[in-house]
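[1] Everything below, folded, please.
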Amino acid sequence: ELHGHEASLACSRRTSYVLEALLKEANARQLSGVMEQCKAYFGFLCSNRQGSHVVQSVLTRAFALLFGAAGAETNANSDANAGNEDNENDEEEDEDKEDEDKEDAAAEKAAKATLRELVADLCRLIVSKGLWWDMLFDPCATHVLRSLISLLAGKDPSPLKGKKKRATHDGDFGASRGRTSTSGDSELTASLHSFLVDMTKWEASDVKRACGDAQASPVIQLVLQYTSPRHKSWGAVLLKLLGAAEGATECDPVVFAQFTRDPVASHALQIIIKSCDNKTFGEFFFDSCFKGNMVALCEHRVANFVLQSGLACLRTQQQFEEALEELEPELTTSLLHNKLGVVWRLCQAAQHGTKQSQSQLCRAIVRGIRARAASGRHGSGGGGAIELLLELKVAENTASDDADGAKAEGSDDKNKPSGEETAFPAFERVSVSLVGAKVASALLELPPEASRTVLESIAGMSAAALKQCCIDPVAGKQVMETLMDAPVAAAWVKQRVLQKLKDDIAALATNRFGWHVIRKAYDSGTPKERTIVVKALAKKERRIAGSTQGAKLLKHCKVTLFKKSPEQWEAATKHSGTKKRKALLDGMLDDLNAVASSSKRTKSG
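    You can find the predicted model right below:
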């Protein structure tokens with residue numbers, strides 16, 4: 001009934017919603033028919049407020065059919081319908097139905113091939129006629145281009161919304177969808193690269209203008225993100241963007257500095273930095289643009305995000321040590337101005353440094369934290385370095401209240417009937433600095449010999465502060481679980497922390513965040529640390545079993561076996577630890593054998 005009227009219906013404010021709903025359930029043949037009918041009006045539909053949304057729905061459905069599970073859903077539905085048929089059908093009818101299913105599958109496959117050709121034809125039309133330059137700056141058509149490029153790269157064009165967007169977003173446009181094309185289709189990949197090749201024909205001023213425009217820049221970012229940096233056109237576009245003039249052969253530091261301070265173009269620059277290979281980053285960006293300019297970039301409210309992207313790409317010991325030498329005097333300033341993102345990325349890059357440079361970084365950060373606390377700009381100077389870094393504020397009467405509560409709890413337990421149990425006292429949640437927790441986590445991942453100052457700060461925290469860290473979703477995941485998973489050389493810190501938390505392990509076991517910390521302490525702990533955990537759980541087993549988290553933890557730690565026979569529990573935990581270590585060793589040996597065999601094949605080739 002809609003055949004021949006798709007374009008006019010797509011532009012109507014009311015019927016466009018109906019058409020979008022129908023497209024969500026369309027099969028490949030129906031979607032191909034809609035695209036064929038609308039191909040002649042594509043430019044108009046993309047610039048129309050309602051029509052652009054319909055075109056995006058078409059591209060989203062095309063992704064589901066070409067790369068998603070739409071075909072599997074169709075087969076599952078057909079199998080379900082077949083299961084509901086009466087079992088009294090004759091064998092001949094079953095054979096006829098199988099033939100029909102094969103014909104339907106072949107028709108669906110042919111329809112998908114037609115759909116793929118239509119998408120490729122659409123790209124050729126846009127590029128060959130130069131339509132996409134005007135579409136870049138159109139507030140409606142630019143969203144269609146983003147969906148089209150995502151489809152060509154094998155990424156879901158549908159926008160992320162709500163919790164899903166917040167959970168996967170890491171600060172860059174399109175970061176949640178991966179940084180490379182995954183389509184695996186040569187025709188669609190060639191269509192994607194045609195956009196990049198066409199950009200090499202633009203003037204350098206046009207490339208700079210597009211990257212600095214709020215509507216066009218996200219499209220350019222997707223093209224550069226999903227195409228291969230090894231493609232010769234990728235480097236040509238990069239030189240047009242960051243070169244001083246037309247035909248430049250290297251990056252101009254002045255142009256680079258201007259882009260880092262632009263609120264829009266800086267996002268494109270971050271995508272380029274994170275997408276290029278190590279050689280291009282070292283020669284093109286680090287040596288020419290970052291070195292000697294890191295302090296100025298760190299102090300700027302926009303450029304410091306570009307610096308963070310650059311620090312995240314450091315891959316050699318020399319690069320890290322040069323960055324540390326330049327930024328170390330400014331670590332205090334960065335912390336005072338609350339630019340912890342730069343410090344976090346520098347801590348992550350410390351994995352490539354020596355133990356001496358790593359220890360130097362830890363000491364500099366601790367000095368900066370104490371200087372920030374002494375300045376009074378971010379609260380009082382009380383507490384250790386990690387508490388100040390996390391901006392953790394624990395009430396003064398918390399420790400005494402906990403002690404009084406424990407005493408009262410013990411007396412109540414004596415007076416209570418044997419069958420009656422009381423609930424654990426509720427913890428008071430506090431806010432923790434997210435980036436500060438990430439900095440602490442990155443420092444704890446360094447070798448214990450290098451991060452001793454940080455470990456000493458954690459060991460010196462009060463029991464109340466440690467409890468608040470355990471029940472906070474950020475500090476618990478980033479700091480406490482990382483600490484519990486630390487190497488054997490940091491066992492003294494874990495044991496000291498567990499001794500301080502000994503009276504609160506049972507209460508933490510029933511907390512939806514705290515129980516993860518206790519489980520990590522048990523899994524990664526020594527026999528002495530495991531014994532501390534299990535004894536605390538066994539003492540309050542009945543009350544812990546009343547919560548979902550507590551029941552899981554009791555089963556995982558084999559508390560019942562411990563109460564029945566500590567010797568058998570010890571033997572069982574040793575056996576499970578040996579099995580885990582053996583599995584880990586086997587995995588390492590398999591990886592080494594795979595590397596050795598691949599190197600032999602390379603030499604023989």
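
[2] May I have the phi/psi pair for Lys155?
    phi -110, psi 150 (degrees, to the nearest 10).

[3] how close does it get to Ser147?
    10 Å (C-beta to C-beta, to the nearest Å). Glycine gets a C-beta too; all of them are placed from N, C-alpha and C.

[4] Could you do Gln37 as well?
    If you go by C-beta to C-beta, the gap between Gln37 and Ser147 works out to 19 Å.

[5] Ok, Arg519 next?
    In terms of C-beta to C-beta, Arg519 sits 42 Å off from Ser147.

[6] Looking at those two, which has the bigger crowd around it?
    Ser147 (24 against 19; other C-beta atoms under 10 Å).

[7] I'd say the more buried one and Pro157 touch.
    Yes: counting by C-beta atoms under 8 Å, Ser147 touches Pro157, with 3.7 Å between them.

[8] list residues touching both of those two?
    56, 59-60 (C-beta atoms under 8 Å, 6 or more residues apart in numbering).

[9] Identify the residue spatially nearest to Val254, adjacent ones excluded.
    Excluding the flanking residues, the one nearest Val254 by C-beta to C-beta, 6 or more residues apart in numbering is Ala244, at 7.2 Å.

[10] Check the secondary structure at the one you found for me.
    coil (DSSP: H, G, I helix; E, B strand; the rest coil).

[11] now the helices: where do they sit in the stretch 301-450 of the chain?
    Using DSSP state H, counting those that start in this stretch, the helices of the stretch 301-450 of the chain run over residues 303-312, 317-327, 331-336, 340-349, 355-375, 385-390, 398-415, 434-444.

[12] other SSEs contacting the third one?
    Helices and strands touching helix 331-336, as assessed by 3 or more C-beta pairs under 8 Å, 6 or more residues apart in numbering; DSSP states H and E, comprise helix 294-299, helix 340-349, helix 355-375.

[13] out of those, deepest packed?
    helix 340-349 (a mean of 24; mean count of other C-beta atoms under 10 Å).

[14] Could you list the buried residues of stretch 500-520?
    Judged by neighbour count using 16 or more other C-beta atoms under 10 Å, the buried positions of stretch 500-520 are 500-501, 503-511, 513-520.

[15] follow-up on the earlier one: okay if I get the shared contacts of Ser147 and Pro157 as CSV plus secondary structure, distance to Leu335 and pLDDT?
    Shown next, in CSV, are the shared contacts of Ser147 and Pro157 (DSSP: H, G, I helix; E, B strand; the rest coil; distance: C-beta to C-beta, whole Å; pLDDT from 0 to 100):
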residue, secondary structure, distance to Leu335, pLDDT
Gln56, helix, 44, 92
Leu59, helix, 46, 92
Thr60, helix, 44, 92
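
[16] Give me the buried entries from the residues you listed.
    56, 59-60.

[17] Make TSV out of those and add distance to Gln478.
    Formatted as TSV, these follow (distance: C-beta to C-beta, whole Å):
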residue	distance to Gln478
Gln56	37
Leu59	38
Thr60	35
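
[18] Closest one of those to Ala440?
    Thr60 (40.7 Å; C-beta to C-beta).
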